[in-house]
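>>> Quick one: sequence and predicted model below, then my questions.
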Amino acid sequence: MKAVADAPARRPHKGAPLEAFSRTEKLIAFCRVLLALATVAIVTADPKQPSFAPDVAIVVLWSYLLYSIVLFTLVRGEHVRQERVGAFSAAADIVWVSVITLFTERGASPFFMLHVFLISSVSVRWGLAATVRVTAFLAFAYPLMMWVASRYYGEDLAVHRAHLVRPIYLLVIGYLIGYLGEHERQSKRKLGLLLDLTSVVRRTPPTGRALTQLMRRALGFFDAQQALLVLRDPDSGRYFTWSVTRRKRHARVGLRITGDDPYAFPFAAQTEGFFANDLRSGRRSALCYDVITSSISRRAVPPDLPLPGDGAQALLVAPVLIQRTLRGWAVVARESRKFTRDDLEFLLVLVGQAAAGFETVRLQAKAEEVAVLEERARIARDLHDGFIQALAGIDLRVEACKLHLQRDPGRVPRALDELHQAVDHGYREVRHYLTVLRTASREAHDFGSTLDRLAAEFSIRERLRVYLSRPPADPGLPTSTAYELTQIVREALHNAVRHGRATQAVVKLAARPSHVYLVVRDNGRGFANGNGSIDADGFLAPASAPWSIRERATALGGSLRVWTRANEGSEISLLIPVSGGHASATRGGTDDRTAS
């Protein structure tokens, strides 16, 4: 696999989200103050004096209380860097606990109270591994410190059996607290990774860079050496395989594109994730978990099956599912440590969330692309029904002027005047349309008055007698709906004149609370049936309807029907829902009337 990038690997994100690290330090600092107060109170109220040098012991206790208050003030006011205060305070607590334990051996010793607080704070910060190391150090240092002190102070600090038993108790308590702290820490890390996933998905499109970034974070979380992501492009059918290999502080990123799936897992179903912790020949087996049915089963892995992960001893694999359809695989490989069911469960959640997020972004991009195409189609319809028609009218008037020059020159001035009016009208329409494109919405005119002006325009200019029937009151349609209906009427009347040679037309508009019904009928020659697109009842096939009218009806969610009969005219009827769901819309495509 050819590497396309070789860059230093970023350290895994150790901080928990939403300032959780800061809250943890503030809580620990507050508990330290309470512990110091309790220690001073216990030693002061105890009738027995400290082991030796009582005056020095009291000074040590009050100094510890003062130190706790100062540190709490600094942390509470966020005057120190949260990244460093944890390590500093843990080291200081080890020193304070050792000194206080040395001076309070007699009487009610706060030994376990001090040590349990220190172990708990380390467990909350860094988990099990750090807790075990600190506990082991305390368990070894305590009897050693007592033995060294007894060599100098004799009978005052004699070594006895408690100095050997307490470290054993301390080791047991440290492991239990560390185990619980590790569980809490892993939960915070999971939450932090999921929150980071959400931010990455929202911030970047589903590109290779975003996928590589998530793979690096997954490597840091699982403490693994290699991660693979195999995705099938639904458009081209090709497989894209991203690989991230981490070595020390560097990560090597590779991409390979193939026509076939580079890794097949025939022993696992498409909805199953699995992990295999022993990849040696003859001992291969995988624990499979079905995402859909939640069933778990162990299956043998074929010995000759090529598996991802060069030199890996353990594999963790999760399917990438989009609406229960397999789109690829996510693989995490380790060279030593084994995976657990908890690792598989979290990888399935992580992959599922990432797949859903990236698919949402991809669909949003597709929706934006479709919206752009729809807007371009709308502009094309507007130009076809407005500006193109105006140019066609100008062209006819120019031809008429040429004929008048040859046959009747006296009519040329009037024809030129009409041509000038047509040009001026077209110019104003174009200016108005450009203004509409620059504004967020179209101007809200009275729909009934607009139809009246449209009927008068065709009656005067095209000599088409238009009979208009509409409600006396404006139906109160949305501006965009009224505009589209106006353009449909304009296109239908224009087709009736240009293609049907009609002399009369009827436009009828009826409005109901749930829908609007529009009918445009003319007495022209009707549509031709050259391709057999008219059925026995005289209805035109949906794909043969005028494309401009058809697309506008579809955009409104309406139902379009076109009736025609040779030399008897045609009728366009449109049912538009005003509220509720969309009605069934016609689809398909031709340009205008097939013939006339």
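Received, thanks. Residues are numbered from 1 along each chain as shown.
>>> What are the boundaries of the helices in the stretch 1-150 of the chain?
Per DSSP state H, counting those that start in this stretch, the stretch 1-150 of the chain has helices spanning 20-45, 54-76, 82-103, 111-153. These are given in chain order.
>>> With the chain instead?
Listed in chain order, the helices of the chain (DSSP state H) span residues 20-45, 54-76, 82-103, 111-153, 162-203, 208-222, 341-385, 387-407, 412-438, 447-461, 479-498, 547-555.
>>> between those helices, which gets the lowest average pLDDT?
Across those, helix 412-438 has the smallest mean pLDDT, namely a mean of 71.
>>> contact partners of stretch 406-413?
401, 404-405 (C-beta atoms under 8 Å, 6 or more residues apart in numbering). Using the backbone N, CA and C atoms, a C-beta is placed for each residue, glycine as well.
>>> What's the ChimeraX line that selects buried ones from the residues you listed?
The buried subset of the contacts of stretch 406-413, as determined by 16 or more other C-beta atoms under 10 Å, is captured in ChimeraX by this line:
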select :401,404
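>>> quick check, nearest of the contacts of stretch 406-413 to Asp235?
Nearest to Asp235, judged by C-beta to C-beta, of the contacts of stretch 406-413 is Cys401 at 54.0 Å.
>>> Name the nearest residue to that closest one, ignoring sequence neighbours.
In space, and not counting its chain neighbours, Cys401 is closest to Ala415: 4.8 Å by C-beta to C-beta, 6 or more residues apart in numbering.
>>> Look up how far Thr198 lies from the spatially most central residue of the chain.
The centroid of the chain falls nearest to Gly357 when counting by C-alpha atoms, centre = their mean (3.4 Å). For Gly357, the distance to Thr198 (C-beta to C-beta, to the nearest Å) stands at 7 Å.
>>> one step back: any chance of the helices of the chain in TSV, plus distance to Arg512?
TSV is the format used below for the helices of the chain (distance: least, C-beta to C-beta, whole Å):
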stretch	distance to Arg512
helix 20-45	58
helix 54-76	68
helix 82-103	66
helix 111-153	67
helix 162-203	43
helix 208-222	50
helix 341-385	26
helix 387-407	31
helix 412-438	28
helix 447-461	15
helix 479-498	14
helix 547-555	17
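>>> thought Ala139 was touching Leu171?
Yes - counting by C-beta atoms under 8 Å, Ala139 does reach Leu171; the two are 5.2 Å apart.
>>> quick one, which of these two is more surrounded?
Ala139 (19 against 16; other C-beta atoms under 10 Å).
>>> what sits against the more buried one?
Ala139 neighbours (C-beta under 8 Å, 6+ apart): 167-168, 170-171, 174.
>>> Can you tell me the closest non-neighbouring residue to it?
Using C-beta to C-beta, 6+ apart, the closest residue to Ala139 is Pro167 (3.7 Å).
>>> give me every residue that touches the one you found.
Shown in contact with Pro167 (C-beta under 8 Å, 6+ apart): 138-140, 142-143.
>>> Show me the one in these that has more neighbours than the rest.
Comparing the contacts of Pro167 by number of neighbours (other C-beta under 10 Å), Leu138 comes first, having 23 neighbours.
>>> Run a quick neighbour tally on Glu369.
For Glu369, the neighbour count with other C-beta under 10 Å is 10.
>>> swap that for Thr104, sorry
23.
>>> pretty sure it contacts Pro54?
No - applying C-beta under 8 Å as the test, Thr104 and Pro54 come out as separate, 10.3 Å apart.
>>> quick one on the thing from earlier: just send the contacts of Pro167 back as a markdown table, with distance to Thr44 too.
Shown next, in a markdown table, are these (distance: C-beta to C-beta, whole Å):
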| residue | distance to Thr44 |
| --- | --- |
| Leu138 | 25 |
| Ala139 | 28 |
| Phe140 | 31 |
| Tyr142 | 24 |
| Pro143 | 27 |
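>>> what's the most distant pair in those?
Spatial extent of the contacts of Pro167 (C-beta to C-beta) is set by the pair Leu138 and Pro143 at 10.4 Å.
>>> ok so, going back, to Gly476, which of the helices of the stretch 1-150 of the chain lies closest?
Using C-beta to C-beta, the nearest of those to Gly476 is helix 20-45, at 54.3 Å.
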